[in-house]
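S.K.: kindly return the folded structure for what I paste below:
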Amino acid sequence: MDTVSDFVIQRIRDWGVSRVFAFPGDGIGEFDGALGKAQREGDGLQYIRPTHEEICSLMATAHAKFTGEVGVCIATSSPGAFHLLNGLYDAKMDNQPVVAIIGQQGLPSLGTFTQQESNLERTLSDVAVYVQTIVSPEQAQAVVDTAFRTARVRLGPAVIILPHDVQGMKMAELSPANWVSRSSAVAPSLSIAPPESEIVKAAAIINAGAKVTFLVGHGTNGATDEVLEAARLAGAGLITTLRAKQVVPSDVPHHSQQLGLLGTRPSMHQMKDCDTLVFLGTNYPYSQFLPPSGQARAIQVDLKPEQMGLRYPTELNLWGDVKATLMALIPHLEAKTDLSWQENVAKEMIEWEHEMEAQAMLVYEDGVNPRRVYHELNKRLPPQAIVTADAGSTADWYGHHIRFRNGMMGDLSGRLATMLAAMPYAVAAKFAYPERPVICTIGDGAFQMLGMNELITIKKYMKEWDNPQLIIMVLHNNDLTQVSWEMRTEDANPVWETSQDVESIDYAGWAELLGFQGIRVKHDDDVAAAWDAAFAHRGITLIDAYTSRSVPPLPPHITAEYAKNTGEALLKGDPFELGVIRDSAEALVSEGIERVKGKLHIGQGNKHEDHDK
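M.R.: Predicted structure coming up:
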């Protein structure tokens, strides 16, 4: 090894990393040069350079989510490091192993307020599970190995800060010496199972339950077979979190999809009636949708001990990997003979899917029904498809209408809930699985934030993909829709156009300018043909869907507060009052239930009756 930079590059490879998401700059310049040299010599890393450092960290997080590997992002000192923060927080809050390598000004400049010299360790200490500056060649090995090992074990982002002068120093040969650690690039096993005595306790709780529900999170990835077998024996209903849709195939009849505002009525009913609740690899944050304390005996299985027993008073917490834990648990489970609990979930899901289809087929006056767009996409998802969404209203339609079959994948920013992630996630998925079709579903607000830029990244790299098919579907309604509805339903405020309006852009035209296929959809009857044309095209397609801004993202349970707040917001002068009233009423009527009369009970006082009867 010649320099510290050369060593770090090789050590990254030793940790099984072949691809990094990076943006250059003077603070990381020596390291950038070494990356270039390694690539020219045929022993480097695939260097993906998107259009912004924030994209780098979001793509690294997405890579970790889709592959289970450590994602790596690289940026220069202060400005680049600060741009990485959003993606690193995405990794932290969604428990993903990411290593960020960040440049810094030279050692003599530290603490002298020189240009771009900032206290990066202090800035990054909140987001990182480990953050350390390499100040000598003798320290480099231990810092790199500790960063990768800690990211994997503690499931979060680790940060290596590499000053510019250290990057070019001659790498030392390590021998036994005081203060010098000699470390290994060996990943620890995470296949951890609790003691047999704890497994037996868990089995006894589950075996005693008559109405068992498994709440399955993203931490259950890779354990689909074990989840299904345990549910079969326990007679359990299955609910998946939004980020775990891919874990349980949609054709499992007792899988009621998601829970909460973006969830289903069968999932809500499971929470209302279950007597045993098993959390599998999830730190589901919306405790208002969980059962009242004392209703259900509860167990949690997780690799993050600090997150166990946090959302619901669990009776037993099992510190372990879900797959290994279920493999140990399954032999102790007694097969239920009464499957009426599962059968009822399956029956309710059939009814719910009919309601979702009815809502998707409604026609609105001010644009295409966004539900129709997702409904038609779901019918056409090819095998092995990967779907991403942002955290705006696309997350509602993704949750309500996308149903993954075995082998499909999908993800979005979870607890950070950033609108920026859909496009970086889709592009990262395409790099990880270049042979698979990828579909990015994104709102126009999110597309204007970072999505439009990344069409340039796609143009730059698409020639490297075995299958260049990537479809971007933009919900074009000139509104920050999710926030608009949150203003109405949570705070009883009317939409404020100054903050909510999104400037209308010809998104299909922008795609065509870059040489891609652009399709404009302005009528509901054109939706199916647009998807057919996109899937028939072996290349990049952007579907510009001109959708209604007034279609309500209705939760499965319409509370008095929801109805009251919406009504008050409209009475305060919401500029889209008539459209919202009409579209909300039509959507509710399509479900075939008496959940609304007149204007969502607008102006009828502070009634507290249940509006979901």
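
S.K.: and the pLDDT at Ser184?
M.R.: pLDDT, Ser184: 87.

S.K.: might one say that it is in contact with Phe148?
M.R.: No: between Ser184 and Phe148 there is no contact under Cβ atoms under 8 Å: 10.6 Å. Placement of C-beta: from N, CA and C, glycine included.

S.K.: looking at those two, which is more packed in?
M.R.: The neighbour comparison of Ser184 against Phe148 (other Cβ atoms under 10 Å) goes to Phe148, with 27 against 9.

S.K.: now the more buried one: closest residue in space, sequence neighbours ignored.
M.R.: Leaving out its chain neighbours, the residue that sits closest to Phe148 by Cβ to Cβ, 6 or more residues apart in numbering is Trp15, at 4.7 Å.

S.K.: that neighbour: how many residues sit nearby?
M.R.: By other Cβ under 10 Å, neighbour count at Trp15 equals 20.

S.K.: over to the one 4 residues further on?
M.R.: Applying other Cβ under 10 Å, we find 19 residues neighbouring Arg19.

S.K.: ditto for Ser118
M.R.: With other Cβ under 10 Å as criterion, Ser118 counts 17.

S.K.: where's it, which helix or strand?
M.R.: Here Ser118, judged by DSSP states H and E, is contained in no helix and no strand.

S.K.: how close does it sit to Val131?
M.R.: Applying Cβ to Cβ, to the nearest Å, the value for Ser118 to Val131 is 13 Å.

S.K.: pLDDT value on Gln295, please?
M.R.: Note for Gln295: predicted pLDDT of 97.

S.K.: with Val4 instead?
M.R.: 97.

S.K.: tell me which element Asn378 is part of?
M.R.: Assessed by DSSP H and E, Asn378 sits inside helix 370-380.

S.K.: how far does that helix sit from the chain's center?
M.R.: Counting by Cα atoms, centre = their mean, to the nearest Å, helix 370-380 is centred 20 Å from the centre of its parent chain.

S.K.: what does that helix rub up against?
M.R.: Here helix 370-380 makes contact (Cβ atoms under 8 Å, 6 or more residues apart in numbering) with 356-357, 359-362, 387, 393, 397-398, 400-403, 439, 441, 473, 475, 477, 521, 524, 527-528, 531-532, 535, 545, 547-548, 551.

S.K.: among the residues you listed, which ones are buried?
M.R.: Buried subset of the contacts of helix 370-380 (neighbour count, 16 or more other Cβ atoms under 10 Å): 356, 359-360, 362, 387, 393, 397-398, 400-403, 439, 441, 473, 475, 477, 521, 524, 527-528, 531, 535, 545, 547-548, 551.

S.K.: so, low pLDDT: which residues of the chain?
M.R.: 1, 414-419, 480-500, 554-613 (pLDDT under 70).

S.K.: what are the C-alpha coordinates of the top helix by length along it, in PDB please?
M.R.: The longest helix of the chain (DSSP state H) is helix 340-360. Only the C-alpha atoms of helix 340-360 are listed here, as PDB (Å, rounded to 0.1, in the frame of the first residue of the first chain):
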ATOM      1  CA  SER A 340     -61.600 -18.600  12.300                       C
ATOM      2  CA  TRP A 341     -59.400 -15.600  13.200                       C
ATOM      3  CA  GLN A 342     -57.300 -16.000  10.000                       C
ATOM      4  CA  GLU A 343     -60.400 -16.700   8.000                       C
ATOM      5  CA  ASN A 344     -62.100 -13.500   9.200                       C
ATOM      6  CA  VAL A 345     -59.000 -11.400   8.200                       C
ATOM      7  CA  ALA A 346     -59.100 -13.000   4.800                       C
ATOM      8  CA  LYS A 347     -62.800 -12.300   4.300                       C
ATOM      9  CA  GLU A 348     -62.400  -8.600   5.400                       C
ATOM     10  CA  MET A 349     -59.500  -8.200   3.000                       C
ATOM     11  CA  ILE A 350     -61.600  -9.300   0.100                       C
ATOM     12  CA  GLU A 351     -64.200  -6.600   1.000                       C
ATOM     13  CA  TRP A 352     -61.400  -4.000   1.500                       C
ATOM     14  CA  GLU A 353     -59.900  -4.700  -1.900                       C
ATOM     15  CA  HIS A 354     -63.300  -4.200  -3.600                       C
ATOM     16  CA  GLU A 355     -63.500  -0.800  -1.800                       C
ATOM     17  CA  MET A 356     -60.000   0.100  -3.000                       C
ATOM     18  CA  GLU A 357     -60.900  -0.700  -6.600                       C
ATOM     19  CA  ALA A 358     -64.200   1.300  -6.300                       C
ATOM     20  CA  GLN A 359     -62.200   4.300  -5.100                       C
ATOM     21  CA  ALA A 360     -59.700   3.900  -7.900                       C
END
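
S.K.: now the strands: where do they sit in the stretch 51-200 of the chain?
M.R.: For the stretch 51-200 of the chain, the strands defined by DSSP state E, counting those that start in this stretch occupy 71-75, 98-104, 130-133, 157-163.

S.K.: those strands: which one's closest to Ala432?
M.R.: Among those, the nearest to Ala432 by Cβ to Cβ is strand 71-75 (9.8 Å).

S.K.: just the C-alphas of that closest one, formatted as PDB.
M.R.: Extracted in PDB, the C-alpha atoms of strand 71-75 (Å, rounded to 0.1, in the frame of the first residue of the first chain):
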ATOM      1  CA  GLY A  71     -23.900   1.400   1.800                       C
ATOM      2  CA  VAL A  72     -21.000   3.800   1.300                       C
ATOM      3  CA  CYS A  73     -21.100   7.500   0.500                       C
ATOM      4  CA  ILE A  74     -18.200   9.900   0.000                       C
ATOM      5  CA  ALA A  75     -18.100  13.700   0.100                       C
END
